[in-house]
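Colleague: Build me a model from this:
(one chain, ligands or ions: 2)
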Amino acid sequence: MEADFETLKNFVKQEFTGEGTGHDWYHIQRVLHLSQIIHSDTGGDITVVRYAALLHDISDHKFNGGDFEAGEKEALKRIEGHNINSEQKKHIGEIIRHISFKGGGEKNQIHSLEGKIVQDADRLDALGAIGIARTFAFGGHTGQPIYDPSIPPKIDQKESEYRNRRSHTINHFYEKLLLLQDQMHTDKGKSIARTRSNFMRQFLEQFYEEWNI
Ligand code: ADP
Ligand code: NI
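Modeller: Ligands and ions are numbered 1, 2, ... in the order given. Sure thing, here's the model as predicted:
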């Protein structure tokens, strides 16, 4: 099991190294690490947690032309032949299918403990100093401006609107990032999210102070 996992990890590492939108190998590595930190608090099936964390961005709809099924399919292909049972495989696939944030107006579909752990870990990496850096990297990648005070945030968006609206990166803090704190599942996740969200609020205050000098 361990050797299979390490081999797969090296493949994923090669594939994601140098990715330029904040979904690079180090993001995956941090999510894997944070998942393990949360798991040591909550328990749960560590095999499912580690595989789901490692493969959670393997074919993200944001980068594959909008195919929501591809991530799960691709992940299941990668774990063929690994010594894990079919229940675990199914569970890993489900987590990958549902992990992504779909907009403030959509219902979250993650229900298992293992899914909650990996979703919390992925969300924690969207927060704090690293979260801020990733958000501006992603915004640059999609060609949106840093800020445009004439476009206010829209919180309760349906998924299609959340994905397609032309906006600016500062709005992403209100449309997603600052909503995450209240959507964390685990105690450990909540506590780390609180600190990181406070830091982001401080960042925004300073940002407006400089903007309005
Ligand atoms: P998930 O990882 O849940 O699929 P997203 O696709 O919303 O979440 O985003 C992953 C990360 O990419 C975010 O945390 C953020 O840093 C960045 N990102 C996504 N959408 C935007 C956006 N519209 N503007 C700026 N950054 C974004
Ligand atoms: Ni991710």
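
Colleague: Next one, pLDDT for the most centrally placed residue in the chain please.
Modeller: For the chain, residue 122 is the residue whose C-alpha lies nearest the centre (C-alpha atoms, centre = their mean; 3.7 Å). Looking at residue 122, its pLDDT is 97.

Colleague: what sits against it?
Modeller: 31, 53, 56, 99 (C-beta atoms under 8 Å, 6 or more residues apart in numbering). Where you see a C-beta, it was placed from the backbone N, CA and C, and this is true even at glycine.

Colleague: And for residue 5?
Modeller: For residue 5, the contact set (C-beta under 8 Å, 6+ apart) comprises 50, 51, 54, 82.

Colleague: I'd say the last one and residue 2 touch.
Modeller: Pointing back at residue 82 there. No - contact criterion C-beta atoms under 8 Å: residue 82 and residue 2 do not qualify, at 10.7 Å.

Colleague: Could you check which of these two is surrounded by more residues?
Modeller: residue 82 (17 against 7; other C-beta atoms under 10 Å).

Colleague: how about the more buried one, what does it touch?
Modeller: So residue 82 contacts 1, 4, 5, 8, 51 (C-beta under 8 Å, 6+ apart).

Colleague: Pull out the buried members of those.
Modeller: 5, 8, 51 (16 or more other C-beta atoms under 10 Å).

Colleague: pull the CA atoms of the helix or strand harbouring the second one into CSV?
Modeller: Under the criterion of DSSP states H and E, residue 8 resides in helix 2-16. Listed in CSV are the C-alpha atoms of helix 2-16, where the atom choice follows Å, rounded to 0.1, in the frame of the first residue of the first chain:
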residue,chain,number,x,y,z
GLU,A,2,2.7,2.4,1.1
ALA,A,3,4.9,1.8,-1.9
ASP,A,4,1.9,2.2,-4.3
PHE,A,5,1.0,5.5,-2.6
GLU,A,6,4.5,6.8,-2.8
THR,A,7,4.8,5.9,-6.5
LEU,A,8,1.5,7.7,-7.3
LYS,A,9,2.6,10.7,-5.2
ASN,A,10,5.7,11.0,-7.4
PHE,A,11,3.6,10.9,-10.5
VAL,A,12,1.3,13.6,-9.2
LYS,A,13,4.3,15.7,-8.1
GLN,A,14,5.8,15.6,-11.6
GLU,A,15,2.4,16.5,-13.2
PHE,A,16,1.7,19.4,-10.9
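
Colleague: List the buried residues for it?
Modeller: 5, 8, 9, 12, 16.

Colleague: The closest residue to the second one other than its chain neighbours and ligand 2, how far apart?
Modeller: The reference is to residue 8. Spatial nearest neighbour of residue 8, excluding adjacent residues (C-beta to C-beta, 6 or more residues apart in numbering): residue 78 at 6.1 Å. Shown here: residue 78 relative to ligand 2, a distance of 16 Å by C-beta to the ion, to the nearest Å.

Colleague: my guess is residue 78 meets residue 58, correct?
Modeller: Yes - taking C-beta under 8 Å as the definition, residue 78 is a contact partner of residue 58 at 6.9 Å.
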